[in-house]
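1. Kindly return the folded structure for what I paste below:
(chains A and B)
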Amino acid sequence: MAALTELGPDFYRALRFLVVDDQPAARQGLRICAQTMGAFLVEFSAGYQDAIARIRRAPPDVILCDYQLGGERSGQQLLEELRRFDMLADEAVFIMVTAEQAYEQVVAVVELAPDDYIIKPFSPERLKLRLDRVLRRKRFFQPLYVAKRAADFPAAERFLDESRDTDEGQLHRFELMRQQAEVQILKGDAEAAERVFDEILAAHAFPWARAGKARALVGQNRLQEAREIMDQVVIDAPMYFGGHDLKTQICMDMGDHAEAQRTVEEASRKTERNYVRKRLLADAALLNGDTETAIEAMADVVRNDSTPGAVTVADRLMLVRSLVEAGTLVEAERALDEITPQRLETAGLDERASWQALRALMKPDAERARVAGLRNAWMATPFDAQTRLDIVRAAMALGDRELATAMTHALFASDEIRRVFKVVRDLFEAQGMSPVFRELQRRAALQKISHGDDVPPEAPLQGV
Amino acid sequence: MQGVLDILSSGVHDAKNQLFLAETLLVQAEAEHGISLDEARFAIELAALRLSRVLTAYKLQRGLETLSISMQPVGELLEEAVLINRKHCERLGLSLTVAHQRPVLWPLDRELSLDILSNALQNASRFARSRIVLSAEEREGFLRLAVEDDGAGFDPPPHTAAPRLGVGLFVAREIAAQHQRGGRQGRLSLSNGGALGGAVFELWLP
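-> Just a heads-up that it's a prediction; the model follows:
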């Protein structure tokens, strides 16, 4: 308890506070609380957009944010947006303020929880008690933040090992375990992560820990087991939308696109303004062949995801892709025109190749020569699965079987084929190239059996 | 049912927002005039707590209340319950002390557990002669949170008759029972005697 006195008025005097509330009287109330604790630098914000602008300009040390921000915005959305665009350092404190006791249930299930929350009414003393705890916790975990930012996993693990048995470490035992599991996942050691999640689950079946275990299983390619866990988690914790997202990813990895779409659709309906989830919905819907839903979701993202820099070229390409798939070429062209040369300049190799492939898909004859000039470079570039699939489609439209086969071979060589397997198989079938597809599949299986050892150069595929 | 709950919730939240404003105005007045309005602030917090409790009771009765369990530092829970009630007890001339070493962490619903403890402390402050002890320990695989006082005890004694169940005790009993883990269920226990000879309120959480 003695540590409490460390964080006296002088300490608070140096901190920059931002109070976010749409009600002037409530802002005043929070300012009085902050000043009673010793705060000197207290800034106000009346709402979502203004808060984002202020935080971007000068990141505060402590944000006291009301849960209800007026309009359709909530403090939770603000927090998610700040984290999504990395506008808040790990060291910064975000405390949600609410009169709703039921907020506890919100905070228990959200992916990005605030550092703490406090239910109105409260005295300045109580707010200080909570804030002191958060600040002490942040100070305790500071070496871990630094190590994680530098992707210095040995340093992160050292901190976690050394902290566990200290007095303060005991207080944060579960957070330390959780961080340990996360570090293992970042390192790619999914088995170690699974062991830590099991240790947490022995104490209590927290939905986040069950989801963590599922992620660790995905990392070990044990999709069926991961799926079984997440099937149950979304039933037990229906408001844990991060659980829905994870189940969606697993279903997509397993090729069960119908269930993927159903799952993310349910979560998206309840979180209308979560545009990250809307993107996931579009992915699942398109793989599921529901172009209408994909178009609607991506059009919403492009139109309404209003934080500067939120809508990327990849998003616009996804809209184009969905429109092309739906056969609405006029709209697709219009959406493609939105990707101006300036926008394209900011894009990566994947997006540029996808952009070109989608153009070729819409106008094969006009783009044939351009693709001919690019195809060899494309075959040598390690694109992501989505871009490879775009190229496969374009190649099919251009009648370039060799390019389609090379791209599919590359998809098989990565684990990403699972998601697009059915789509690619159907594309080959439509071109009367099913035997080629089966041969690619056979070779991939053989390569897997040989445990990734160098396989001798392959004989050319028949029918290509 | 959801419709009624929404109306009730929104009314309670509005009221709590107003109470928060009232409390901060008192805080401001304290700072400006160098006075202490602790009891007025305490009364405001108590009013808010009662409003919440009525809403919780309604939700419990309708089966709409669900807990939100997380790993909580037990010491922090006790510390906060004391912070809420200390000044009030001091004004009544009561000493409020804490006895706790272990366990460090326990899975529980922080806000609801805090309300239950706060309610028990307020009850104790009405009947204690001079002392109240808030304690926590691990016993028989449960977290036992107890509020004991040196007053005359429950009347009639809980073992002779079913206690009159006010909203506070109803909520406490139901919330305790909703804490479930490994096939075990939380419970409430009321008795007379204990180390201080008065009322003993125990919340057992698995």
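2. contacts, neighbours, all on C-alpha from now
-> Noted.
3. is residue B:147 in a bridge, and if so with what?
-> Beta-bridge partners for residue B:147, by DSSP bridges, are residue B:134, residue B:201.
4. for it, what are its contacts?
-> Residues near residue B:147 by CA atoms under 8 Å, 6 or more residues apart in numbering or on different chains: B:117, B:120-121, B:124, B:132-135, B:200-202.
5. same deal with residue A:90?
-> Shown in contact with residue A:90 (CA under 8 Å, 6+ apart): A:138, A:145.
6. same question, the one 10 residues further on
-> For residue A:100, the set of contacting residues under the criterion of CA under 8 Å, 6+ apart consists of A:119-120, B:9, B:13.
7. is it true that it lies in a strand?
-> No: Residue A:100 is assigned coil when assessed by DSSP: H, G, I helix; E, B strand; the rest coil, not a strand.
8. follow-up on the earlier one: who wins for neighbours among the contacts of residue A:100?
-> Within those, neighbour counts (other CA atoms under 10 Å in any protein chain shown) peak at residue A:120, which reaches 24 neighbours.
9. if we can go back for a sec, most neighbours among the contacts of residue B:147, please name it.
-> Ranked by neighbour count (other CA under 10 Å), the contacts of residue B:147 have residue B:121 at the top, with 27 neighbours.
10. What's the separation between the nearest residue to residue A:163 once chain neighbours are set aside and residue B:152?
-> In this structure, residue A:163 finds its nearest non-sequential neighbour in residue A:169, 5.1 Å apart by CA to CA, 6 or more residues apart in numbering or on different chains. Per CA to CA, to the nearest Å, residue A:169 is found 42 Å from residue B:152.
11. picking up where we left off before, pLDDT wise, what is the residue nearest to residue A:163 at?
-> Listed pLDDT for residue A:169 reads 95.
12. Now the helix or strand it falls within - C-alpha only, CSV.
-> Per DSSP states H and E, residue A:169 falls inside helix A:167-171. What follows is helix A:167-171, C-alpha atoms only, in CSV (Å, rounded to 0.1, in the frame of the first residue of the first chain):
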residue,chain,number,x,y,z
ASP,A,167,5.7,-9.6,-5.3
GLU,A,168,4.3,-7.3,-8.0
GLY,A,169,4.6,-10.1,-10.6
GLN,A,170,2.2,-12.2,-8.4
LEU,A,171,-0.3,-9.4,-8.7
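13. For chain B, just list every one of the strands.
-> Using DSSP state E, the strands of chain B run over residues B:70-73, B:95-100, B:105-108, B:131-139, B:142-149, B:180-181, B:184-185, B:187-192, B:199-205.
14. Could I get these in TSV, plus columns for mean pLDDT?
-> Compiled in TSV, the strands of chain B are given as follows (pLDDT from 0 to 100):
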stretch	mean pLDDT
strand B:70-73	94
strand B:95-100	97
strand B:105-108	95
strand B:131-139	98
strand B:142-149	98
strand B:180-181	92
strand B:184-185	96
strand B:187-192	96
strand B:199-205	97
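15. Check what pLDDT residue A:6 gets.
-> 59.
16. mind checking how far the residue nearest to residue A:177 when sequence neighbours are not counted is from residue A:138?
-> Counting by CA to CA, 6+ apart, residue A:196 is the residue found nearest to residue A:177 once chain neighbours are left out, at 6.4 Å. Separation of residue A:196 from residue A:138 (CA to CA): 22 Å.
17. For these two, indicate the residue with more neighbours.
-> Counted by other CA under 10 Å, residue A:196 and residue A:138 do not tie: residue A:196 has more neighbours, with 23 against 18.
18. Could you see whether chain A lies near the longest helix along chain B?
-> Using DSSP state H to define each element, chain B has its longest helix at helix B:2-33. Yes: with CA under 8 Å from any CA of the partner chain as the measure, helix B:2-33 is seen reaching chain A through B:9, B:13-14, B:16-17, B:19-21, B:23-25, B:27-28, B:31.
19. What parts of chain B come near chain A?
-> Counting by CA under 8 Å from any CA, chain B comes close to chain A at B:9, B:13-14, B:16-17, B:19-21, B:23-25, B:27-28, B:31, B:41, B:45, B:48, B:52, B:66-71, B:73, B:80, B:83-84, B:104-105, B:107, B:111, B:181.
20. Please pick the buried ones from those residues.
-> Neighbour-count burial (16 or more other CA atoms under 10 Å in any protein chain shown) applied to the residues of chain B next to chain A gives B:9, B:13, B:16-17, B:19-21, B:23-25, B:27-28, B:41, B:45, B:48, B:52, B:66-71, B:73, B:80, B:83-84, B:104-105, B:107, B:111.
21. Whatever residue of chain B ends up closest to chain A: what's it in contact with?
-> When scored by CA to the nearest CA, chain B has residue B:20 as its residue closest to chain A, at 4.2 Å. Taking CA under 8 Å, 6+ apart, we find residue B:20 in contact with A:29, A:120-122.
22. can you narrow the residues you listed to ones near chain B?
-> Among the contacts of residue B:20, the residues that sit close to chain B (CA under 8 Å from any CA) are A:29, A:120-122.
23. Out of the residues you listed, which comes closest to residue A:191?
-> Residue A:191 lies nearest to residue A:120 out of the ones next to chain B among the contacts of residue B:20, by CA to CA, at 43.1 Å.
24. what about the closest one, distance to residue A:108?
-> According to CA to CA, residue A:120 and residue A:108 sit 18 Å apart.
25. now swap in residue B:160 and tell me
-> Here the criterion is CA to CA. By it, residue B:160 lies 41 Å from residue A:108.
26. Who has more neighbours out of the two?
-> The neighbour count for residue B:160 versus residue A:108, taken as other CA under 10 Å, is higher for residue A:108 (21 against 8).
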